[in-house]
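Visitor: Got a sequence here, can you build the structure:
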Amino acid sequence: MQKQSWLSKIMFFLNIVLTIATFVAYTLPFLAPKAFPFLSVLTLILPFFLLLNFLFFVYWLLQLKRQMLLSGMVLLLGISFLHRFYKFSETNLPNEETDFKLMSYNVRLFNLYEWLPNDDVPFQISNLLLDEQPDILCLQDYSPNEDVNVNMYKYKLIKLEGDRLKFGQAIYSKFKIINSGEIEFPNSFNSVIYADILKDKDTLRVYSMHLESVKISADINEEMDEKRSKFIFKNISKAFSQQQHQSELIKEHYLSCHHPKIICGDMNNSAFSYVYRTIRGDLKDAFEEAGSGFGKSYNYKYYPARIDYIFVEKNIEVKEFSSLDFFIQSDHFPQLARLKINAKE
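Guide: Below you'll find the predicted structure:
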């Protein structure tokens with residue numbers, strides 16, 4: 001009995017520490033990363049905190065101890081975060097003539113530097129486009145490649161940087177592009193491009209974003225020693241601080257636009273972050289509207305990371321959404337949504 005008593009004390013102490021850490025993570029979407037750059041890293045592991053709280057809840061429940069109320073309260077307060085991490089059911093509404101498909105995809109330069117052993121990545125991506133037939137295609141980490149077949153698109157917007165290696169972003173459209181532009185980020189190679197697209201009688205503003213990378217490979221095999229851990233932690237903190245300013249620039253820009261809006265691309269941050277909350281604003285997250293499962297968008301081996309998004313205006317209906325996590329031709333997975341523009345209320 002004495003051993004069990006000490007075990008209970010230790011477990012409850014750990015439960016309290018976890019509760020404090022979880023509550024701190026709950027507040028971080030409302031706090032600027034520049035003020036708390038190190039704490040902001042906790043947003044990446046909030047789902048892990050929720051899982052541990054659930055395990056503590058079950059542990060105390062099986063013993064019929066009132067300590068279960070602590071983790072129970074934490075889980076109750078975190079319900080609003082759960083649907084951002086996992087969806088139990090998906091939406092797939094009937095097709096209509098006015099529907100259109102949008103794909104957002106970080107193509108990692110079409111495997112230019114052979115990160116993947118596949119030597120036919122451009123060919124595989126071309127086949128995907130032919131199979132899915134997205135009406136609007138937004139590509140991040142784009143580099144011109146003659147082997148990628150985009151002949152189905154009559155209109156395009158391409159913004160490139162670099163001297164020898166050209167890289168940047170592209171928007172391809174089957175509908176007419178009548179205006180375009182770019183949001184430049186200071187001290188960064190990343191940016192946002194946008195196109196005003198004429199869809200029937202509506203003008204649709206589509207933003208393709210690529211925010212600052214945290215520079216952590218999906219294929220980490222090195223041992224996680226103290227020196228490497230500090231390096232990664234510092235990189236994440238710095239990137240989150242930059243992302244804060246980038247997200248604020250995006251929101252300031254799109255708030256001045258009166259067209260129906262879609263913001264998509266590689267945000268390089270979780271759905272529990274200040275950056276997500278800032279960019280999303282009053283927009284709808286297509287995954288939350290019609291997706292299912294984890295919505296995994298980044299090919300990280302140990303964690304179902306969702307860092308790529310499609311946000312839409314309230315009058316744009318999300319009729320279907322999928323993250324094509326079977327298609328491993330980049331370190332990201334294509335995000336595909338079937339949408340419909342409804343009349344504003």
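Visitor: Tell me the pLDDT of residue 16.
Guide: If you check residue 16, the pLDDT there is 95.
Visitor: List the contacts of the nearest residue to it once chain neighbours are set aside.
Guide: Distance criterion Cβ to Cβ, 6 or more residues apart in numbering; nearest residue to residue 16, sequence neighbours excluded, is residue 70 at 7.2 Å. C-betas here are computed from N, CA, C, even on glycine. For residue 70, the contacting residues are 15, 16, 19, 56, 60, by Cβ atoms under 8 Å, 6 or more residues apart in numbering.
Visitor: Without its sequence neighbours, what residue ends up closest to residue 202?
Guide: The nearest residue in space to residue 202 (Cβ to Cβ, 6+ apart) is residue 341, at 5.1 Å.
Visitor: Check the gap between that neighbour and residue 295 for me.
Guide: 23 Å (Cβ to Cβ, to the nearest Å).
Visitor: More neighbours: which of those two?
Guide: Taking neighbours as other Cβ atoms under 10 Å, residue 341 and residue 295 compare with residue 295 leading, 26 against 21.
Visitor: I'd assumed residue 192 was in contact with residue 157.
Guide: No. Residue 157 is beyond contact range of residue 192, at 11.8 Å (criterion: Cβ atoms under 8 Å).
Visitor: The two: who's more crowded?
Guide: residue 192 (25 against 22).
Visitor: Backbone dihedrals for that one, both of them.
Guide: Backbone torsions for residue 192, taken as degrees, to the nearest 10, come to phi -130, psi 140.
Visitor: quick one: the strands in the stretch 151-300 of the chain?
Guide: Taking DSSP state E, counting those that start in this stretch, the strands of the stretch 151-300 of the chain run over residues 155-161, 167-173, 176-184, 191-199, 202-210, 261-266, 284-285.
Visitor: For residue 39, state which of the contacts of residue 70 is nearest.
Guide: Closest approach to residue 39 among those (Cβ to Cβ): residue 19, at 15.9 Å.
Visitor: Tell me if I'm right that residue 100 and residue 135 touch.
Guide: Yes. If you go by Cβ under 8 Å, residue 100 and residue 135 touch, sitting 4.3 Å apart.
Visitor: Need the overlap of contacts for the two.
Guide: In contact with both residue 100 and residue 135: residue 175, using Cβ under 8 Å, 6+ apart.
Visitor: Thank you kindly, that will do.
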